[in-house]
Every structure is written in C-alpha cells, then in structure tokens.
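S.K.: Mind folding the following:
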Amino acid sequence: MDLTLITNPNKKNEKGEWIHFGSPRLQQIINHLKEKEKYTKLFQKVVSNQNTPLFPWLVVNLKMSYKGKQKKDEMISIGLQLVNGNMRLEMMDHLQKLPLQMAISDYCYTISPIIKLQSGFKRIESVISSYIENQTHEWALESLQELEEEIKTVQHFYEGRTEELEQMEKEIEEIKERYHPVISQEVINGGIFYLTE
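M.R.: Residues are numbered from 1 along each chain as shown. From the prediction side, this is the model:
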C-alpha cells in the first residue's frame, strides 16, 4: 500500500494527499509522533573488523517558550555522555552527520553507563536552569511594564463604577494572564545514542 503526501503547493493537484500546517492528516502524523515516537535508541553504524566500543549518550531536545508581551520559542538540543559526563550543545546537528541505525554493527559492543538516566536528566535540567538564569530578560521587564499600564488603563476606565467592580477584576485577571512573563520548557523528544569515541 502506498501513501503519497504532497507538500509542494505547485503540485497539490497531482495524485496524492495535499498536506499543510493545519491539515488533519499532518496533525494526525504529529500526534502519533508525539505519543509513540518520542524516545529512541540508536547505534552509530560502524564498518570495522576489530572490536569497537560504543559509548552511551543521553540526548534531549527541548522547546523553551518565553511568553509575555510577545511569545518566542527556542529549540535546544543537549547530549550527555553517560560514562564521563561530557556535555555537548547542538547535539542534533552533530548526530545528523553520523550514520545511525537501530541495530548494533558487527564487532561493536556497548559500554555500560556510569551515570544513571535520571541523574543524567537532572544534570541537563541544571544546565538549562543556568542558561535561563544567565540570560538578560528585558522582554520580561517590558511585559511587566505593559502589564502595569494595561491595569492602570482598565482601573481608570472603571473609576467610579462600583457596580462593575466584578467585571473590572475579571479584565485585570485576563491582562495578568496575557502579559505576565513565563518561561516554560517541554521535552520534544530524545533517546539513547551509542556512539564511537
């Protein structure tokens, strides 16, 4: 059975299913990937006739979301070698250059991790926390400033209207929800990758 998906707008009249952002089929594919394919275990493909060790890397891809007056997302990819604790940023860029497969190559063997997965993930979380703390957060200050101005405007509008106090409080809560600066992080995907030294 074949499934042809067309993403090029110039070819959407050809035989196949036209998919684009917002199309139900694309959402179905994305939801499947989020639910079933979030984590993987892959091995570097090695062509060798001698014993070759493969070292375990915990790789985590995160989406950082900065929400306030404006919204900004940032993708971060971090790898942690689970034997010596070395960390590497932009790990996915590195992995894209390597041939990877689901089965281990002949003459290769895996090195047992010294760092447990949970401990490794905590190390990665710690690096992310430091990264956030060391950033300048002008965007958050601008959001708080905008928040104050919006609240003052609403209060001024409802000045002397004591019967509409409940409506004013509701609007102020909506403004706080919209402008209050928040940083959130979400693990997009990750896995264990066994790589040569």
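S.K.: roughly how far apart are the residue located most distally from the centre of the chain and Y66?
M.R.: Computed with CA atoms, centre = their mean, the residue of the chain farthest from its C-alpha average is G160, at 47.4 Å. Using CB to CB, to the nearest Å, we find G160 at a distance of 38 Å from Y66. Backbone N, C-alpha and C define where each C-beta goes, glycine included.
S.K.: just L58 next, same as before
M.R.: Relative to Y66, L58 is positioned 25 Å away (CB to CB).
S.K.: Could you do Q28 as well?
M.R.: Taking CB to CB as the measure, Q28 falls 29 Å from Y66.
S.K.: which of the two has more neighbours?
M.R.: Neighbour tally, Q28 and Y66, criterion other CB atoms under 10 Å: the higher count belongs to Y66, 19 against 11.
S.K.: Can you list phi and psi of the nearest residue to that one once chain neighbours are set aside for me?
M.R.: Of all residues beyond its chain neighbours, the one nearest Y66 is K72 (4.6 Å), with distances taken as CB to CB, 6 or more residues apart in numbering. K72 has phi and psi values of phi -140, psi 140 when expressed as degrees, to the nearest 10.
S.K.: Tell me the buried residues in stretch 176-194?
M.R.: Of all the residues in stretch 176-194, those buried under the rule 16 or more other CB atoms under 10 Å are Y179, P181, N189, G190, G191, I192, F193, Y194.
S.K.: right, and the helix or strand after the lowest-mean-pLDDT helix or strand in the chain?
M.R.: Sorting the helices and strands of the chain by mean pLDDT, DSSP states H and E puts helix 24-36 at the bottom, at a mean of 83. Per DSSP states H and E, helix 24-36 leads on to strand 39-44 as the next helix or strand towards the C-terminus.
S.K.: what about that following strand, average pLDDT?
M.R.: In this model, strand 39-44 has an average pLDDT of 93.
S.K.: Show me the contact partners of it.
M.R.: By CB atoms under 8 Å, 6 or more residues apart in numbering, the residues outside strand 39-44 that reach it are 54, 98-105, 108, 189-196.
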